[in-house]
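In: need a 3D model of the following:
(one chain, ligands or ions: 2)
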Amino acid sequence: MTTTSYANILKPLHLGFTTIKNRVVMGSMHTGLEDRFYNYPKLAAYFGERAKGGVGLIITGGISPNRQGWLLPAGGTMNTLGDIAPHRLVTHAVHKHGAKILMQILHAGRYGYQPFVVSASPIKSPISPFKPRQLSDKQIVDTIQDYVKTASLAKKSGYDGVEIMGSEGYLLNQFLSRHVNQRTDRWGGDIENRMRLAVDIVKGIRAEVGEKFIICFRLSMLDLVQDGNTMAEVIIVAKALEQAGVTLLNTGIGWHEARIPTIVTSVPRAAFVDYTAEVKKHVAIPVIASNRINMPETAEEILATGKADMVQMARPLLADPFWVNKTATNRVDEINTCIACNQACLDHTFKNQRATCLVNPRAAFETELVYVKTKKPKRIAVVGGGVAGLSAATVAASCGHEVTLFEASNDVGGQFNLAKAVPGKEEFHETIRYFKVQIEKTGVELRLNTKVNREQLEREGFEEVIVATGVVPRALKIEGSHLPQVLSYAEVLRGAPVGNRVAIIGAGGIGFDVSEFLLKPPHQPQPQPLATWQQEWGIDPNPNYISEGGTQPAIVHPPVREIYLLQRKTTALGAGLGKTSGWVHRAQLKKHHVRMLRGVQYKAVTDEGLWIEMAGHDQLLRVDTVVVCAGQESIKDLMPLETEKTLANYHIIGGAKLAAELDAKRAIREGAEIATKL
Ligand code: NAP
Ligand code: SF4
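Out: Ligands and ions are numbered 1, 2, ... in the order given. Take a look at the predicted model:
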């Protein structure tokens, strides 16, 4: 019997014919490695590492049953015997460590970014340029056969089961809901007809694979789109799927086209678990909770309160493959927490790049970015305790080097200390906590309040110096920019007083963040309570909702300030923000009536406000405060000139190297990479 306080997470789940060793499911996340057979050794290393890290059950990224189902052109497909061999590498790598693995079968339907797309009805989705063809009755029957064949091949590949993707707005969800299904034949109309495709697929697979094979179905428990299903309909589907032979019921929340956030960092932890709990009341099979579960306390509470039988985490296991083992050995403070930024995982997927993780650059690069013990330990100085320096120092120390980290201020964390003050970005403090624990565990010597120069470093005999001195906010250089009402974003986020009418200069990620920071009254509870967050986004809080799709009119409180957000470019504001999170920030500012002006030239700040020129006309914005969010400039004084002779080798990383694209993802990766090369 376990003695840890996470007993429910660690309890095995007996399914009769097989046992899953604990309650943690690594949910499906498309890495891009699934799509090419030659990448399967890398995919095997990626899943193998997570299996070694203790997870009970893994679900692969989506594999299509046929060409029509591709998400991207030539996406991963399983429909011939020739597809089996690469998958065996994956199943073997996972089984070696006692974990189970399911292959997800995903038919994208009208979400496919390719010309063969099909759906229940010929209605184009707002997120794909391709209009789908309506599947005929015969084509639907053929599609069922394709699913059955794929499941049978998955079994031959050594998988413990399959997950059928029936949520997030993909093909089966398109059939399940009136939002897309406007058919009048046996596959459309009432819920009994709309669910026929999903149920027949399960029946077909069960008949083919026998009883001792897991069939998991990912069911949309909250569509969050117009004409979506009601909870009563969701329950009818759940019961029919159970009857048809499903072993596990997984949770899907929101279609990809829904304009309500479901996974970004501002979504409260475990925000949707009550909808899963509602479905669980009506079925006997184990039910899996999902979305914004990233730390053991949250997972344990869901399981302990009986709201679900398992918890699913995809991104948190990209961030830390050893999440379960750390939980099991009471080393929760060592978990590298997923901050739900999407910057290196989902944003990469949508750009057709390999998914990885901002806080863990090894994710999906396990065979390429390898941390090995050095045979020649060196004395290394890392200068700058932002995330670039923290990454370099802790990876170098874990490889066996003797590392000293110098930080000029009284704390580490750099720009993350500012980010964590932004409403909805509270998770960023977890990354700083993680690195602080790593400093201790790896034996990095930390010298705070210490500004060093080259002479001191070389006098101390460091052989390698990593310059991670970061950035300073770029100052505004116009008439009046010295006035006290002109503040940098750093001053504002540290709590400087700000008036009621504000102009924000610069509409990059930080201009948007500062707008959100200034829209709400100070001293709001952080993170935002679930009830007010649901109100703000128009989500029906009743788990037994009767509203179609679980939406209701949003209630937005008036902002506490009048805000102008300005940029010189003439392109749409926020166009450069992350693909999967930018729309959330844009929607927030729009709802709170932030006035977004583009094509602006800044003329002067006076006691009347900010003078600008737009379309050839001078204008006065009557504001009390001007906040400058105009990017950053690198601090690189420590770097010697190429011609200078130095006793140590100097390397520069992160914002100090390139401020133009100040980017935590690049900073952490560069820190880790340089540490492995010393
Ligand atoms: P940024 O994205 O480069 O934006 C800087 C803004 O300042 C631009 O709107 C630019 O637009 C303006 N600007 C540049 N030089 C200027 C000057 N001399 N005078 C006046 N305006 C000037 O930088 P950031 O907002 O500081 O963000 C830095 C990085 O942090 C981003 O690249 C991103 O990786 C990360 N970040 C992302 C998010 C997010 O996605 N939610 C949030 C925070 C931070 P114009 O040139 O058109 O005026
Ligand atoms: Fe989580 Fe961000 Fe890493 Fe994605 S990139 S797994 S959201 S921390």
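
In: now Ala340, nearest residue through space, not along the chain?
Out: Leaving aside its chain neighbours, Ala340 sits nearest to Thr265 (3.9 Å; criterion: C-beta to C-beta, 6 or more residues apart in numbering). All C-beta spots, glycine's among them, are computed from the backbone N, C-alpha and C.

In: quick one: that neighbour from ligand 1, how far?
Out: Noted for Thr265: a distance of 9 Å to ligand 1, by C-beta to the nearest ligand atom, to the nearest Å.

In: and the pLDDT at that residue?
Out: pLDDT recorded at Thr265 is 94.

In: how many residues are close by it?
Out: 22 (other C-beta atoms under 10 Å).

In: now the one 5 residues further on
Out: When neighbours are defined as other C-beta under 10 Å, Ala270 has 24 of them.

In: pull the contacting residues for it.
Out: Applying C-beta atoms under 8 Å, 6 or more residues apart in numbering, we find Ala270 in contact with Ala289, Asn291, Arg292, Ile293, Thr298, Glu301, Ile302.

In: how would you label it: helix, strand or coil?
Out: Here Ala270 is recorded as coil under DSSP: H, G, I helix; E, B strand; the rest coil.

In: domains of this structure?
Out: Listed domain ranges for the chain are 7-350, 379-472+633-677, 486-521+557-630 (source: automatic domain parsing).

In: does the second one reach ligand 2?
Out: In other words, domain 379-472+633-677. No. Using C-beta under 6 Å from any ligand atom, we find that domain 379-472+633-677 stays clear of ligand 2, coming within 7.3 Å at best.

In: what residues are up against the residue lying closest to Ala108 once chain neighbours are set aside?
Out: Nearest residue to Ala108, sequence neighbours excluded (C-beta to C-beta, 6+ apart): Leu71, at 4.3 Å. The contact partners of Leu71, taken as C-beta under 8 Å, 6+ apart, are His30, Gly62, Ser64, Leu106, Ala108, Tyr111, Gly112, Tyr113, Gln114.

In: for Leu241, same thing?
Out: By C-beta under 8 Å, 6+ apart, the neighbours of Leu241 are Met195, Ala198, Val199, Val202, Phe217, Leu219, Leu249.

In: before we move on, the earlier item: ligand 2: which of the contacts of Ala270 is nearest?
Out: Sorting the contacts of Ala270 by distance to ligand 2 puts Arg292 at the head of the list, at 10.5 Å, by C-beta to the nearest ligand atom.

In: residues near the closest one, how many?
Out: Neighbours of Arg292 under the rule other C-beta under 10 Å: 25.

In: most centrally placed residue in this structure?
Out: By C-alpha atoms, centre = their mean, the chain has its centre lying nearest to Asn342, at 3.2 Å.

In: which residue ranges of the stretch 401-550 of the chain form helices?
Out: 415-419, 428-442, 454-459, 489-493, 509-519, 530-537 (DSSP state H, counting those that start in this stretch).

In: helix or strand for Ala396, which one?
Out: Using DSSP states H and E, Ala396 maps to helix 387-398.

In: can you list the helices and strands that that helix packs against?
Out: strand 379-383, strand 402-406, helix 428-442, strand 464-467, helix 654-657, helix 664-677 (3 or more C-beta pairs under 8 Å, 6 or more residues apart in numbering; DSSP states H and E).

In: turn the ones you listed into a markdown table, including mean neighbour count and mean pLDDT.
Out: As requested, the helices and strands packed on helix 387-398 are exported to a markdown table (neighbours: other C-beta atoms under 10 Å; pLDDT from 0 to 100):
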| stretch | mean neighbour count | mean pLDDT |
| --- | --- | --- |
| strand 379-383 | 26 | 98 |
| strand 402-406 | 24 | 98 |
| helix 428-442 | 19 | 98 |
| strand 464-467 | 26 | 98 |
| helix 654-657 | 26 | 96 |
| helix 664-677 | 22 | 97 |
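
In: quick one: the strands in the stretch 101-250 of the chain?
Out: 118-119, 133-134, 161-166, 214-222, 248-253 (DSSP state E, counting those that start in this stretch).

In: still on that earlier bit, distance to Val502 added to the helices and strands packed on helix 387-398, as JSON lines?
Out: Shown next, in JSON lines, are those (distance: least, C-beta to C-beta, whole Å):
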{"stretch": "strand 379-383", "distance to Val502": "35"}
{"stretch": "strand 402-406", "distance to Val502": "36"}
{"stretch": "helix 428-442", "distance to Val502": "23"}
{"stretch": "strand 464-467", "distance to Val502": "35"}
{"stretch": "helix 654-657", "distance to Val502": "26"}
{"stretch": "helix 664-677", "distance to Val502": "26"}
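
In: ok and the longest helix along the chain relative to strand 161-166, angle-wise?
Out: Across the chain, the longest stretch assigned as helix under DSSP state H is helix 137-156. Using axes from the mean of the first three to the mean of the last three C-alpha atoms, to 10 degrees, one finds that helix 137-156 and strand 161-166 are set 150 degrees apart in direction.
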